[in-house]
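>>> kindly generate the corresponding structure for this input.
(one chain, ligands or ions: 1)
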Amino acid sequence: MNRTDEIRPVYAEGREVVMLDQRLLPEREAFMLLSTVDEVCEAIRTMVVRGAPAIGIAAAFGAALAVGEAQKCAPCDCFSSFEKSLEKLKATRPTAVNLEWALNRVREYWLSSRNLDASAREKGAWELAQRILDDDVAANRALGMHGAELIPDGSNVLTHCNAGALATGGYGSALGVIRAAVEQGKKVHVWVDETRPRLQGAKLTAWELQRDGINHTLISDNMAASLMKAGRIDLAVTGADRIASNGDTANKIGTYSVAVNCEKHGLPFYVAAPESTIDRSIATGQEIPIEEREASEVTHVGETRICPEGVRIYNPAFDVTDAELIGAIVTEKGIHRPPFAFGAD
Ligand code: MRU
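Predicted structure coming up:
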């Protein structure tokens, strides 16, 4: 792990971006050093770093690199070169709004820093990216504290995908809520959905919880409903990739089934996410772009093909859970209860 004992999936060292290569977990903890915008784009696209807030932070550092790269162009090309880099970063993954949010912040900085000399301007961009990282960790700790109120002592909590420290600047959103409850001395047991096709639950969430000594059990995704029926799950909490003004929430594919199953069994379904995940520019989840990823994620587990050659594949990476299925959305500002109206804030 890095300098601190806490999990930090993306951070800066000097003018380089350091990323824990999440594709190698849980077998290996290896870091990549990235020094160009193109390298950061490739790392986001290939999921070296993943999880909405972590993608946003990676993009912010990528945009800081873009400031340096753009300023090396002839003065007249400077802004268009910077914009091209932002477009490249934005195109890496479409669903998590944190990416666009972070890029807009660095763009605003660029526009407001015309009077600075090149080196001061670049320094300011790195400081802003670092602030975006630090603010995210603080937001997760705050939302964790708020959300811990929703976790009764002795509860069995289901989570889907990885919304932990690995998916954020650190501490985690859904896992931040669980971590905070455990820090308060509550006994919590976590049911971890493995999360096909990329297995973020099995590879990442189980790794984080084991590392932190939080009681958990890994299940395959199709087991959750029967555990609910048997009374072995008390509530579910997940992260989010984009939350519309009405509370409709995009998250990892399979989250919608978790919410529907919670409704069927009378269990609360909660979402935990920083405010940077709320997209106030869209009214409902219908406007959320859903990323489709390569067929090999479904045809293979690791290196092993699990279906016939040539079979047709559909692989949407996210789904949208209707606001009416969500009992609360927890952010650093507190616990939002339905009806949600984020556009009105
Ligand atoms: O495809 P991924 O691994 O980037 O998807 C991640 C998720 O869906 C997470 O649950 C979501 O980003 C919340 S992360 C705090």
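>>> show the backbone phi and psi for residue 278.
The phi and psi values for residue 278, taken as degrees, to the nearest 10, are phi -90, psi 130.
>>> make 365 the starting number, not 1.
Right, with 365 as the first residue, what we last looked at is residue 642.
>>> doesn't residue 607 make contact with it?
Yes. At 4.7 Å, residue 642 and residue 607 qualify as touching, with contact defined as CB atoms under 8 Å. (C-beta placed from N, C-alpha, C; glycine too.)
>>> ok, the two, which is more surrounded?
Neighbour totals were compared for residue 642 and residue 607, and residue 607 leads with 32 against 26 (other CB atoms under 10 Å).
>>> is the helix or strand encompassing the more buried one up against the ligand anywhere?
Assigned by DSSP states H and E, residue 607 falls within strand 606-608. No. Judged by CB under 6 Å from any ligand atom, strand 606-608 makes no contact with the ligand; its nearest approach is 9.0 Å.
>>> avg pLDDT for that strand?
Summarised as a single mean, pLDDT over strand 606-608 is 98.
>>> and what of stretch 520-531?
Taken as a whole, stretch 520-531 has a mean pLDDT of 98.
>>> ok, stretch 474-494 next?
95.
>>> can you check stretch 536-545 too?
For stretch 536-545, mean pLDDT rounds to 98.
>>> related to what we said a few turns ago, tell me which strands the following helix or strand past the strand holding residue 607 pairs with, and in which orientation.
Sequence-wise, the next helix or strand downstream of strand 606-608 (DSSP H and E) is strand 613-616. Note on strand 613-616: by DSSP bridges, its sheet partners are strand 606-608 (antiparallel), strand 682-685 (antiparallel).
>>> and the residue of this structure closest to the ligand?
Of all residues in the chain, residue 603 sits closest to the ligand, at 2.6 Å by CB to the nearest ligand atom.
>>> what does the pLDDT read for that residue?
So, for residue 603, pLDDT stands at 98.
>>> residues near the residue lying closest to it once chain neighbours are set aside, how many?
The shortest distance from residue 603 to any non-neighbouring residue, by CB to CB, 6 or more residues apart in numbering, is to residue 527 (2.6 Å). Residue 527 has 33 neighbours, counted by other CB under 10 Å.
>>> residues contacting residue 527?
Listed by CB atoms under 8 Å, 6 or more residues apart in numbering, the contact set of residue 527 reads 415, 536, 537, 538, 539, 602, 603, 604, 636, 637.
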